[in-house]
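Chemist: using only what follows, build the 3D model:
(one chain, ligands or ions: 1)
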Amino acid sequence: MTKLHRAYSSGSVDLTTRDSADLAATYDEVSDHQFEHGKQLISDLGILSGERVLDVGMGTGRLAAHVAGIVGPSGHLIGIDPLPLRVEIAKTKSAENFEAGVGRAEDLSAFADASFDVVYLNSVFHWVADKPQALSEIFRVLKGGGRLGLNSQDASRPNESRVFLKDALLEAGVQADYDVVHPSLGVSRTALEALLATAGFVCLAIEARTLVDVFADVDALIAWSSSSSFGNFLIGISTSDRAAIRDELGRKLACKAGPQGIQLQRYLMFATARKPSTS
Ligand SMILES: C[S@@+](CC[C@H](N)C(=O)[O-])C[C@H]1O[C@@H](n2cnc3c(N)ncnc32)[C@H](O)[C@@H]1O
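Modeler: Numbering: from 1, shown residues only. Prediction:
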């Protein structure tokens, strides 16, 4: 393992420094998959009108705006994200009951103890560097009996897109540490159970789900991967090597092309947990 890879694995590298206005705007346009996965998570949580909800890692705020509609005028939705350019886009969707601001999971000091009914992270947990600290903060800001919902990449079951990209790098003869050029800090189911228990949560369910993402072509997949990883995709790879990887990926993905486009399976663990009422 290279030095850089070790740094990513230990969470000591800040992955939130490479965003751009273009990547943020693209994410807002192409994040339909994420929005649909998010609606599943929100349905699992059974969010009610009048509840006070925190969206951690809200990105450009599409799901947050949807949840603000569910909690209604008597409820409140606060969304935070470490990427200021994405928060700016989220602010354009804000409403009387939806506030957006810069912040990260590991530091929720802007919020009082026991101040939310629900906290959720949609496609965010596999980006959070210090997961114990994040869960401890979420536990603190939840009311007794409050619910946590998250979905995360499963470290033991990489998404199909990751498998294809890994093969494409090899075939294109590009020397790169895969975990650096396509980072993910996903966890296994066992690790997730242990993290939740250590933070004090009662785990309600952890379900592995298979979702299908559809991309018009290889360029749409690359645009998605770059914008959803906020600039960390293929980092440090030269323009000519990127072109070789793109061509190889295109060839490999031919077998996944259907009438609607390239169909790739994504494997996410959906977890719900509760803060004990007596805490
Ligand atoms: C793939 S996007 C998902 C955005 C949004 N939740 C959605 O459903 O579209 C991942 C988001 O996680 C955010 N993120 C990364 N590290 C984070 C952290 N430590 N705390 C909170 N959010 C984080 C990123 O800034 C990014 O906006």
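Chemist: contact distance from the ligand - what residues of the chain qualify?
Modeler: 16, 31, 34, 38, 56-59, 62-63, 81-83, 86, 104-106, 122-124, 127-129, 228, 230 (C-beta under 6 Å from any ligand atom). Placement of C-beta: from N, CA and C, glycine included.
Chemist: could I get the contacting residues of the residue in the stretch 151-279 of the chain positioned nearest to the ligand?
Modeler: Here the stretch 151-279 of the chain gets closest to the ligand at one residue, Ser228, 4.3 Å apart by C-beta to the nearest ligand atom. By C-beta atoms under 8 Å, 6 or more residues apart in numbering, the residues touching Ser228 are Tyr27, Ser31, Gln34, Ser123.
Chemist: go ahead and confirm the second one touches Gly38.
Modeler: In this case it means Ser31. No. Ser31 is beyond contact range of Gly38, at 9.1 Å (criterion: C-beta atoms under 8 Å).
Chemist: shared neighbours of these two, anything?
Modeler: In contact with both Ser31 and Gly38: Arg62, using C-beta under 8 Å, 6+ apart.
Chemist: where exactly do the strands run in the protein?
Modeler: For the chain, the strands defined by DSSP state E occupy 52-56, 76-81, 98-102, 116-121, 142-153, 202-215, 257-258, 261-274.
Chemist: run a quick neighbour tally on Gly258.
Modeler: Number of residues near Gly258 (other C-beta atoms under 10 Å) recorded here: 9.
Chemist: could you check how far it is from Leu77?
Modeler: Distance of Gly258 to Leu77, given as C-beta to C-beta, to the nearest Å: 36 Å.
Chemist: need the helix or strand of the protein with the lowest average pLDDT.
Modeler: Least confident helix or strand, the chain: helix 3-9 with a mean of 39, by mean pLDDT, DSSP states H and E.
Chemist: OK, contacts around the nearest residue to Val181 once chain neighbours are set aside?
Modeler: Leaving aside its chain neighbours, Val181 sits nearest to Leu234 (5.2 Å; criterion: C-beta to C-beta, 6 or more residues apart in numbering). Taking C-beta under 8 Å, 6+ apart, we find Leu234 in contact with Val181, His182, Ser226, Arg242, Ile245.
Chemist: what's the ChimeraX line that selects buried ones from those residues?
Modeler: Buried members of the contacts of Leu234, defined by 16 or more other C-beta atoms under 10 Å, are picked up in ChimeraX with:
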select :181,182,226,245
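Chemist: so, low pLDDT: which residues of this protein?
Modeler: 1-12, 279 (pLDDT under 70).
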